[in-house]
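Engineer: Task: produce atomic coordinates for the following.
(one chain, ligands or ions: 1)
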Amino acid sequence: MTALQVHPKMPPLVLASASCPRATCEAARPTLEIGLMMQGNSLLLEKLHFRCCIAGGGPAGMMLGFLLARAGVEVLVLEKHADFLRDFRGDTVHPSTLETMHEVGLLEEFLKRPHQETTHVRARIGGDDILLGNMSYLRTACRFMVQMPQWDFLDFLAQHGRRYPTFHLRMQAEVTGLVKVNGRIVGIRAKSPDGPLEVRADLVVGADGRNSAVRERAGLTVENVGASIDSFQLRLSKHADDPKFMQYADRGTALITMDRGDYWHCGFPVPKGTAEVMRARGIEDFRTGIVELAPFLRDRVGELRDWNDVKLLTVRSDRLGQWYRPGLLCIGDAAHAMSPIGGVGINLAIQDAVAAANALAEPLRDGTVTDEHLAKVQRRRALPTRLTQRMQGFLEKQMWRGLGKSKPMRLPWAMRLMESTTLPCRMRTRFVAVGFRLEHVKTPDIFSSRHHQTTNP
Ligand SMILES: Cc1cc2nc3c(=O)[nH]c(=O)nc-3n(C[C@H](O)[C@H](O)[C@H](O)COP(=O)(O)OP(=O)(O)OC[C@H]3O[C@@H](n4cnc5c(N)ncnc54)[C@H](O)[C@@H]3O)c2cc1C
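Structural biologist: You can find the predicted model right below:
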């Protein structure tokens with residue numbers, strides 16, 4: 001067994017072989033254990049031990065990994081894909097997430113990455129133009145939201161996580177099962193191109209999204225909240241003089257357009273179960289539907305050559321009854337799949353990560369994490385999740401009540417009256433930009449010189 005000084009401010013890590021008895025390692029308080037079982041020249045099983053192992057390198061997993069590593073917890077994030085590059089992922093970074101970036105001192109650097117900023121969100125519904133959101137009302141560090149491809153955002157977190165010796169990210173590692181001992185989850189099994197992997201950890205976190213293998217293997221009960229729409233996703237090039245509305249709706253159809261610099265990332269919501277009917281009508285019919293809503297796109301709908309240029313995303317809204325089991329916690333979409341309404345899913349996942357890091361960093365570092373700590377995370381985040389899903393359901397009914405009907409859309413008179421005041425806009429802005437409970441980062445950066453000055457005066 002060898003002691004390894006990985007960073008001058010960290011206690012030495014103990015690298016042990018797989019045959020190292022756990023008790024010996026525990027006595028030496030190791031946080032990382034690496035072992036390779038070899039037979040001849042072939043790798044049989046790689047065994048690792050971390051304080052925390054996170055399944056899934058999406059917004060929830062990467063932010064939690066970053067915050068825990070920054071607070072001195074040995075953490076391993078396993079991501080099944082080889083990179084973060086995936087098309088048509090949500091890519092809105094709201095003021096609540098920008099606040100988190102500000103609190104960890106990375107906002108300025110984050111905003112140096114190519115992005116678009118939006119302060120006013122406008123919609124054209126039938127003949128009515130309404131201001132959906134106005135971020136200038138906010139009291140957060142940023143009074144705008146940012147559109148940035150999600151892979152850039154995740155890459156940024158990975159890049160900054162790697163500054164800490166406690167941060168470990170393994171790509172192409174797909175979690176396939178859980179290791180249980182006496183009813184407690186003590187690790188995960190995964191497959192990687194280098195062979196099978198077993199990671200033992202004081203805590204396993206399921207941040208592997210709405211099709212979470214972790215929550216399924218743990219047997220956690222999922223409550224379906226229900227979603228009445230699915231959404232086609234597509235991209236169309238953008239011209240400098242295009243109108244700046246984010247939503248167009250009329251005669252039973254709607255189009256969401258998100259500014260991605262030189263193109264529009266568009267969502268075309270449809271009532272659940274009708275996507276196949278639309279596909280059967282042909283791509284020309286679909287293009288016509290887009291032009292009817294947003295005539296300025298007439299000169300480029302031809303960019304949709306066939307249905308291969310249009311992706312259908314099945315919308316789901318659900319949540320777990322209990323987010324944890326002994327040794328395991330789920331966060332983000334793995335705990336509550338979010339519908340795209342308001343584009344709040346990423347931000348809710350980040351808020352979960354901040355709350356989980358606040359509650360768990362210290363007990364994880366000390367090796368004293370209990371079920372009560374996990375329950376505390378659920379207690380903190382369950383209510384904002386419920387309220388957000390309820391609000392999404394309400395907005396779905398209000399905004400897209402005429403979806404699938406061919407009548408011209410018109411806001412009811414009472415709504416138009418309300419919209420003449422700033423109240424509905426302020427309420428929507430608060431819901432979308434900040435959410436029902438804004439989490440503040442309470443975990444330290446134990447590697448910063450400031451932290452060392454205050455703890456060792
Ligand atoms: C149509 C649609 C549009 C949306 N648009 C927006 C939007 O504009 N803005 C917004 O904020 N939200 C949006 N959302 C919601 C948002 O995408 C999610 O709420 C958010 O990404 C959740 O983050 P997460 O980290 O919990 O999960 P995910 O983003 O799903 O990340 C999970 C990660 O785990 C990995 N993974 C999965 N299984 C395994 C495994 N077995 N082993 C290892 N890794 C695994 C995945 O590859 C992925 O990287 C949208 C959702 C839909 C359906």
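Engineer: Can you list the low-confidence ranges for the stretch 351-457 of the chain?
Structural biologist: 398-406, 450, 452-457 (pLDDT under 70).
Engineer: Scan the protein for its longest helix.
Structural biologist: Under DSSP state H, the helix in the chain containing the largest number of residues is helix 371-399.
Engineer: So which bits of the helix or strand following that one are buried?
Structural biologist: Following helix 371-399 in sequence order, the next helix or strand is helix 413-419 (DSSP states H and E). By neighbour count with 16 or more other C-beta atoms under 10 Å, helix 413-419 contains the buried residues Glu419. All C-beta spots, glycine's among them, are computed from the backbone N, C-alpha and C.
Engineer: What residues does the stretch 1-150 of the chain have near the ligand?
Structural biologist: 55-61, 78-81, 89-92 (C-beta under 6 Å from any ligand atom).
Engineer: contacting residues for the nearest residue to Tyr324 once chain neighbours are set aside?
Structural biologist: What sits nearest to Tyr324 in space, not counting adjacent residues and going by C-beta to C-beta, 6 or more residues apart in numbering, is Leu374, at 3.8 Å. Leu374 is in contact with Leu203, Trp323, Tyr324, Leu328, Leu329, Leu360, counting by C-beta atoms under 8 Å, 6 or more residues apart in numbering.
Engineer: Narrow those residues to those in strands?
Structural biologist: Counting by DSSP state E, the part of these found in strands is Leu203, Tyr324, Leu328, Leu329.
Engineer: Looking at the residues you listed, which one is closest to the ligand?
Structural biologist: Closest to the ligand out of these is Leu329 (12.6 Å), distances taken as C-beta to the nearest ligand atom.
Engineer: got a list of what that closest one touches?
Structural biologist: So Leu329 contacts Leu203, Val204, Val205, Gly206, Trp323, Ala356, Leu360, Leu374, Val377, Gln378 (C-beta under 8 Å, 6+ apart).
Engineer: ok so, going back, who wins on neighbours among the ones in strands among the contacts of Leu374?
Structural biologist: Highest neighbour count within the ones in strands among the contacts of Leu374: Leu329, with 31 neighbours (other C-beta atoms under 10 Å).
Engineer: Which two among the ones in strands among the contacts of Leu374 are spaced furthest apart?
Structural biologist: Spatial extent of those (C-beta to C-beta) is set by the pair Leu203 and Tyr324 at 9.5 Å.
Engineer: Now do the SS call for Asn358.
Structural biologist: Secondary structure, DSSP: H, G, I helix; E, B strand; the rest coil: Asn358 is helix.
Engineer: Hmm, Lys442 and it touching each other?
Structural biologist: Yes - taking C-beta atoms under 8 Å as the definition, Asn358 is a contact partner of Lys442 at 4.5 Å.
Engineer: Excluding residues flanking it in the chain, which one is nearest the residue of the stretch 351-457 of the chain at minimum distance from the ligand?
Structural biologist: Closest to the ligand within the stretch 351-457 of the chain is Asp352: 7.6 Å, counting by C-beta to the nearest ligand atom. Nearest residue to Asp352 in three dimensions, chain neighbours excluded: Ile331, at 4.0 Å (C-beta to C-beta, 6+ apart).
Engineer: Assess the claim that that neighbour and Ala349 are in contact.
Structural biologist: Yes - counting by C-beta under 8 Å, Ile331 touches Ala349, with 7.0 Å between them.
Engineer: what residues are shared contacts of those two?
Structural biologist: In contact with both Ile331 and Ala349: Ala60, Ala207, using C-beta under 8 Å, 6+ apart.
Engineer: Count residues in the vicinity of Gly177, would you?
Structural biologist: By the measure other C-beta under 10 Å, the count of residues near Gly177 is 14.
Engineer: which residues touch it?
Structural biologist: Ile188, Arg189, Ala213, Arg217.
Engineer: Report pLDDT for the closest residue to the last one other than its chain neighbours.
Structural biologist: With C-beta to C-beta, 6+ apart as the criterion, Arg217 has its nearest non-adjacent residue at 4.8 Å, and that residue is Leu178. Reported pLDDT at Leu178 in the predicted model: 97.
Engineer: again with the one 4 residues further on
Structural biologist: Listed pLDDT for Asn182 reads 93.
Engineer: picking up where we left off before, ok, which pair from the contacts of Leu329 is furthest apart?
Structural biologist: Within those, Val204 and Gln378 form the most distant pair, 15.4 Å apart (C-beta to C-beta).
Engineer: Looking at the two, which one has more neighbours?
Structural biologist: Counted by other C-beta under 10 Å, Val204 and Gln378 do not tie: Val204 has more neighbours, with 26 against 23.
Engineer: In a markdown table: the contacts of Leu329, plus distance to Leu131.
Structural biologist: Putting those into a markdown table (distance: C-beta to C-beta, whole Å) gives the following:
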| residue | distance to Leu131 |
| --- | --- |
| Leu203 | 44 |
| Val204 | 44 |
| Val205 | 39 |
| Gly206 | 38 |
| Trp323 | 36 |
| Ala356 | 35 |
| Leu360 | 40 |
| Leu374 | 41 |
| Val377 | 36 |
| Gln378 | 36 |
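Engineer: Break this protein into its domains for me.
Structural biologist: 2-85+149-224+319-386+447-455, 92-148+226-316+396-434 (automatic domain parsing).
Engineer: Now do the end-to-end distance for the last one.
Structural biologist: Its start and end residues considered, domain 92-148+226-316+396-434 measures 13 Å (C-alpha to C-alpha, to the nearest Å).
Engineer: do the same with stretch 122-130
Structural biologist: Criterion C-alpha to C-alpha; first-to-last residue distance in stretch 122-130 is 6 Å.
Engineer: average pLDDT for it?
Structural biologist: 87.
Engineer: Which parts of the stretch 1-150 of the chain are strands?
Structural biologist: 2-4, 13-15, 33-39, 42-55, 75-79, 92-93, 116-118, 120-125, 128-134, 145-147 (DSSP state E, counting those that start in this stretch).
Engineer: picking that back up, turn the contacts of Leu374 into CSV, columns for distance to Leu68.
Structural biologist: Output for the contacts of Leu374, formatted as CSV (distance: C-beta to C-beta, whole Å):
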residue, distance to Leu68
Leu203, 10
Trp323, 17
Tyr324, 16
Leu328, 15
Leu329, 12
Leu360, 7
